[in-house]
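**Student:** got a predicted model here, sequence first, then my questions.
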Amino acid sequence: MRTRVAIIGAGPAGLLLSHLLDAEGIESVVLETRTREYVEARIRAGILEQSTVDLLTEVGLGARLAAEGDRHRGIYLQWPHERHHIDFVELTGRAVTVYGQTEVQKDLGRAREAAGQQIVYGVSETALHDVGTERPFVTYTDNDGRPARLDAEVVVGCDGSFGPSRAAVPEAARQTWQRAYPYSWLGVLAEVAPSTDELIYAWHPDGFALHSMRSASISRFYLQVPADTDIAAWSDQRIWDALAARLGHGQDGWRLNPGPLLEKSVLPMRSFVQQPMRSGRLFLAGDAAHIVPPTGAKGLNLAVADVALLAPALAALLLKGDPGPAEAYSAAALRRVWRCTHFSWWMTTMLHTGEDPFDTQLQLSQLKWVTSSEAGAKGLAENYAGLPIGF
Ligand code: FAD
Ligand code: DHB
């Protein structure tokens, strides 16, 4: 099979890139290891930055998002006996929207299906070849177990944190940075109306807790747990007790409403950046190039920002023979990547508790500053609500 752009991975980065390329008149084929059903059911992120919402709307993916997404002005930051609202709209003029990654994935899936996009699901043994030449190709085994080959002018690795693309950048040409954290998130989806109008990020001596939501009847919660946590050790009752304690049930009349848990999982946390995000005719986008801990709600938004830069760069390269924007892609994308890497680390280390009593005092001091100084609040708001595409 031959196409102009071979895209590895049908997550948000891969599908949105195929959508943006199609709008430029560039044909692509997407290869994906999982099934469409699996990809659309994966519960992950839930917060869209203003610029993500604007981009999805501009490219015709905003109808359900406008109808079902829930616009939030800001977030609550709290520690025992204190809860403060940070109003992003007042501070920066920008808001965020609660809309699950599952829904973004479904909207993309439907739009690509309607456009006749070729997406090959259920592939295995994906391997990249000759990416240093102008005739790169990808080999894989198809869903029926047959070996297959996809020839292209460009290969884009949108294959997330475990895909093969990032390792296809020659070792001598790549640099990586990473940070492991000694904790994970236990995430649960609950069939209960949210107990708050906007997200609550809670510092607590027992560990961080986050109250998020998906709709008027579905809540999403996260608890800081040790990195090696076995989910079997967390009964539903233990989870609700920990959420109630950390989120401050009973304080100042606030109540946490419990309900049936629909899903539970443990998410490891790490920071990772590989640069450059381009090597010859191979480009990386999204989690394939960078991973952030989820505390700043940046992973999905970064994936969208990458492909928003990459699509016009590939259009210039493939339609006009102009290599300039493609050559500038990596540096331009990494500017935002490092900003979000720092912000995600900063939010994470401000809110997750550890053993060191000195760190605890620094965290509380930082929380007090962020919630009492306009400069402090504005820094958080600007980063959380998101910088404009092209920052
Ligand atoms: P992905 O969504 O990971 O998509 C990559 C795709 O490539 C996948 O569909 C994968 O199956 C496919 N693939 C992998 N290998 C191959 C291969 N060899 N061949 C073909 N296809 C392949 N962010 C937040 O902001 N908040 C959260 O709460 C949050 N929770 C998360 C929970 C989990 C378990 C994970 C993994 C991520 C979470 N994230 C969260 C991060 C966010 O979901 C990601 O940043 C976002 O999905 C990135 O999109 P992507 O398209 O780059 O990668
Ligand atoms: C959600 C996930 C996040 O990582 C975050 O910071 C806020 C909300 C969520 O899944 O709703």
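**Tutor:** All right, it came through fine. Numbering: from 1, shown residues only. Ligands and ions are numbered 1, 2, ... in the order given.
**Student:** flag every residue of this protein that's near ligand 1.
**Tutor:** Counting by Cβ under 6 Å from any ligand atom, the chain comes close to ligand 1 at 8-14, 31-34, 39, 44-45, 101, 123, 126, 158-160, 162-164, 267, 286-287, 294, 297-300, 303. For the C-beta atoms, the positions are set from N, CA and C on the backbone; glycine is no exception.
**Student:** isn't Gly14 up against Gly160?
**Tutor:** No - between Gly14 and Gly160 there is no contact under Cβ atoms under 8 Å: 9.0 Å.
**Student:** so what sits against both of those two?
**Tutor:** Both Gly14 and Gly160 are contacted by Gly286, under the criterion Cβ atoms under 8 Å, 6 or more residues apart in numbering.
**Student:** so which of the residues of the chain next to ligand 1 sit within helices?
**Tutor:** Among the residues of the chain next to ligand 1, the members falling in helices (DSSP state H) are 12-14, 39, 101, 299-300, 303.
**Student:** among those residues, which two are most distant?
**Tutor:** With distances taken as Cβ to Cβ, the most widely separated pair in these is Val39 and Gly299, at 15.5 Å.
**Student:** coming back round to it: which among the residues of the chain next to ligand 1 end up buried?
**Tutor:** Neighbour counting over the residues of the chain next to ligand 1 (16 or more other Cβ atoms under 10 Å) leaves 8-14, 31-34, 39, 44-45, 101, 123, 126, 158-160, 163, 286-287, 294, 297-300, 303 as the buried ones.
**Student:** buried residues in stretch 207-219?
**Tutor:** Of all the residues in stretch 207-219, those buried under the rule 16+ other Cβ under 10 Å are 207-214, 218-219.
**Student:** start from the N-terminal end of the stretch 201-350 of the chain and give the helices.
**Tutor:** For the stretch 201-350 of the chain, the helices defined by DSSP state H, counting those that start in this stretch occupy 236-247, 299-320, 324-351.
**Student:** dump these to CSV, plus distance to His84 and mean pLDDT.
**Tutor:** What follows is the helices of the stretch 201-350 of the chain, written out as CSV (distance: least, Cβ to Cβ, whole Å; pLDDT from 0 to 100):
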stretch, distance to His84, mean pLDDT
helix 236-247, 14, 98
helix 299-320, 24, 98
helix 324-351, 13, 98
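**Student:** buried deepest among the ones you listed, which one?
**Tutor:** helix 299-320 (a mean of 23; mean count of other Cβ atoms under 10 Å).
**Student:** same for it, what does it pack against?
**Tutor:** helix 12-23, strand 47-49, helix 50-58, strand 154-157, helix 324-351 (3 or more Cβ pairs under 8 Å, 6 or more residues apart in numbering; DSSP states H and E).
**Student:** filter the residues of the chain next to ligand 1 by proximity to ligand 2?
**Tutor:** Okay, of the residues of the chain next to ligand 1 touching ligand 2 (Cβ under 6 Å from any ligand atom), that's 45, 294, 297.
**Student:** domain-wise, how is this structure divided?
**Tutor:** With automatic domain parsing as the criterion, the domains of the chain are listed as 5-46+100-174+276-353, 179-268.
**Student:** residue contacts, the residue in the stretch 51-200 of the chain positioned nearest to ligand 1?
**Tutor:** In the stretch 51-200 of the chain, the residue that lies nearest ligand 1 is Gly160 (2.7 Å; Cβ to the nearest ligand atom). Contact partners of Gly160, counting by Cβ under 8 Å, 6+ apart, are 9, 11, 286-288.
**Student:** could I get those residues as a markdown table with distance to Gln361?
**Tutor:** Output for those, formatted as a markdown table (distance: Cβ to Cβ, whole Å):
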| residue | distance to Gln361 |
| --- | --- |
| Gly9 | 43 |
| Gly11 | 40 |
| Gly286 | 37 |
| Asp287 | 34 |
| Ala288 | 39 |
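**Student:** between those, which sits nearest ligand 2?
**Tutor:** Asp287 (13.4 Å).
**Student:** isn't the closest one up against Arg166?
**Tutor:** No - in terms of Cβ under 8 Å, Asp287 does not count as a neighbour of Arg166; the distance is 9.5 Å.
**Student:** distance to Asn143 added to the helices and strands packed on helix 299-320, as TSV?
**Tutor:** Output for these, formatted as TSV (distance: least, Cβ to Cβ, whole Å):
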stretch	distance to Asn143
helix 12-23	17
strand 47-49	32
helix 50-58	29
strand 154-157	20
helix 324-351	32
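**Student:** where in this protein is pLDDT low?
**Tutor:** 390 (pLDDT under 70).
**Student:** for ligand 2, what's the nearest residue on it?
**Tutor:** Of all residues in the chain, Gly46 sits closest to ligand 2, at 2.6 Å by Cβ to the nearest ligand atom.
**Student:** that residue: neighbour count?
**Tutor:** Using other Cβ atoms under 10 Å, Gly46 is surrounded by 23 other residues.
**Student:** quick check: phi and psi at the residue lying closest to it once chain neighbours are set aside.
**Tutor:** Nearest residue to Gly46, sequence neighbours excluded (Cβ to Cβ, 6 or more residues apart in numbering): Gly100, at 5.1 Å. Per-residue torsions, Gly100: phi -60, psi 150 (degrees, to the nearest 10).
**Student:** what's the neighbour count on Gly100?
**Tutor:** Other residues near Gly100 come to 24 when the count uses other Cβ under 10 Å.
**Student:** that one against Ile43, yeah?
**Tutor:** Yes - with contacts counted by Cβ under 8 Å, Gly100 reaches Ile43, the gap being 7.3 Å.
**Student:** is Ala127 in contact with Pro164, as I believe?
**Tutor:** Yes - with contact defined as Cβ under 8 Å, Ala127 reaches Pro164; the gap is 6.5 Å.
**Student:** thanks a lot, see you next time.
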